[in-house]
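> Have a look at this prediction, sequence included:
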Amino acid sequence: MGKLALAAKVTHVPSIYLSELDGPRKGTRQDAIDGFKIIAQRCADLGVDTIVVFDTHWLVNAGYHINCAPHFQGSYTSNELPHFIRNMGFEFPGNPALGKLLAETAKAAGVDTLAHDETTLDPEYGTLVPMRYMNTDQRFKVVSVSAMCMAHYLNDSARLGWAIRRAIEDHYDGTVAILASGSLSHRFAQNGLAPDFAFKIWSPFLEQLDQEVIRQWKAGEWETFCGMLPEYAAKGHGEGFMHDTAMLLGALGWSAYDGKAEIITPYFAASGTGQLNAVFPVTPQDGHAIPAAQASASGAAEAMTARL
């Protein structure tokens, strides 16, 4: 039926938007913007019609939620960093049919998920920033998935990712890309120190932790990474508790995934946090059952903290 053609982990730091504006930050995130354009071109070359974004800036307290309105248009100011993103215009089409299909398939797999197509809810900047540079011509339809999950287990997010792939490949008539929109380590610079850490990681420990994760991704050491993900999310201050990454790996096959990440935008620091753009090749996986290693993730997650 359908095809999952591309998967990626992408940054969405607000300084990317500042990078295009006149001022002292102009041009400083051009590498991230160039990375978005490379990924967008690959999507176009692969015939992608819809991009599904796992957005770590969409906070939810119960269930998983999918924003699949028919059309998105507006002007966005970040409530978190209004001095970084202010009055940023956006417009792109949505895909209600796919969004509802994703929710139905996830619910059938035992993951409580709701699709919202008749809604005035706008996407958050985890979706808006990448789409600003990847979808300037509105070529792609966009569906946004909540990925700042406050009372959820990483195991369930991995199951959601698996269900999303099943919905695409078994029931959808089209071609889809998925983006996990979030950072690696996400320890912001302490208040008052942000300017000093605009281009620095908060600590040597976090930088070394991130670099080891990138090495694992490039080497395809997924059993190791999936096993350490709950602890990495906690001790590395993972953005959105790294539910976007669990969704991404769930869709790719969890610890059974056999691809190797390609770094598009090399690791960089932003306000103390670790960022990159990376593409994860989509490889064939057994679509009949969730990988066994995935089910074991819940025990590790529970041992870490209830909100993971």
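Nice, I can see it. As the structure is a prediction and not an experimental result, all values here were calculated from the model. Numbers count the residues shown, from 1 in each chain.
> the strands in the stretch 1-150 of the chain, which residues?
Secondary structure of the stretch 1-150 of the chain by DSSP state E, counting those that start in this stretch: the strands cover 3-10, 50-60, 64-67, 71-76, 88-93, 113-116, 141-149.
> Tell me which of those lies nearest to residue 191.
Shortest distance between residue 191 and the strands of the stretch 1-150 of the chain, using CB to CB, is found for strand 50-60: 19.5 Å. C-beta: built from backbone N, CA, C; applies to glycine.
> And that closest one, what does it pack against?
helix 96-108, helix 125-134, strand 141-149, strand 175-181, helix 243-252 (3 or more CB pairs under 8 Å, 6 or more residues apart in numbering; DSSP states H and E).
> list the contacts for the residue positioned nearest the centre of the chain?
In the chain, the residue lying closest to the centroid (CA atoms, centre = their mean) is residue 180, at 1.7 Å. Applying CB atoms under 8 Å, 6 or more residues apart in numbering to residue 180 gives the contacts 7-10, 54, 147, 244-245, 247-248.
> which strand residues sit across from it in the sheet?
With DSSP bridges as the criterion, the beta-bridge partners of residue 180 are residue 9, residue 54.
> TSV for the strands of the stretch 1-150 of the chain, including distance to residue 100, mean pLDDT and mean neighbour count?
Below are the strands of the stretch 1-150 of the chain laid out as TSV (distance: least, CB to CB, whole Å; pLDDT from 0 to 100; neighbours: other CB atoms under 10 Å):
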stretch	distance to residue 100	mean pLDDT	mean neighbour count
strand 3-10	18	98	23
strand 50-60	13	98	25
strand 64-67	8	98	24
strand 71-76	16	98	14
strand 88-93	15	98	16
strand 113-116	4	98	20
strand 141-149	10	98	29
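> Including distance to residue 264, could those go into CSV?
Putting the strands of the stretch 1-150 of the chain into CSV (distance: least, CB to CB, whole Å) gives the following:
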stretch, distance to residue 264
strand 3-10, 8
strand 50-60, 15
strand 64-67, 26
strand 71-76, 25
strand 88-93, 21
strand 113-116, 29
strand 141-149, 20
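> Could you check how far the residue nearest to the centre of the chain is from residue 239?
10 Å (CB to CB, to the nearest Å).
> likewise residue 35?
From residue 35 to residue 239 the distance is 17 Å (CB to CB).
> re earlier: save the helices and strands packed on strand 50-60 as a markdown table, and put in distance to residue 158 too.
Listed next are the helices and strands packed on strand 50-60 as a markdown table, based on distance: least, CB to CB, whole Å:
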| stretch | distance to residue 158 |
| --- | --- |
| helix 96-108 | 12 |
| helix 125-134 | 19 |
| strand 141-149 | 12 |
| strand 175-181 | 12 |
| helix 243-252 | 3 |
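> show me where pLDDT drops low in the stretch 151-300 of the chain?
287-300 (pLDDT under 70).
> And the strands in it?
Here the stretch 151-300 of the chain has its strands, by DSSP E, counting those that start in this stretch, at 175-181, 262-270, 273-280.
> Pick the most buried one from the ones you listed.
Across the strands of the stretch 151-300 of the chain, averaging neighbours per residue (mean count of other CB atoms under 10 Å) puts strand 175-181 on top, at a mean of 27.
> got the angle for the longest helix along the chain vs strand 50-60?
Assignment by DSSP state H gives helix 154-171 as the longest helix of the chain. With axes from the mean of the first three to the mean of the last three CA atoms, to 10 degrees applied, the angle from helix 154-171 to strand 50-60 works out at 150 degrees.
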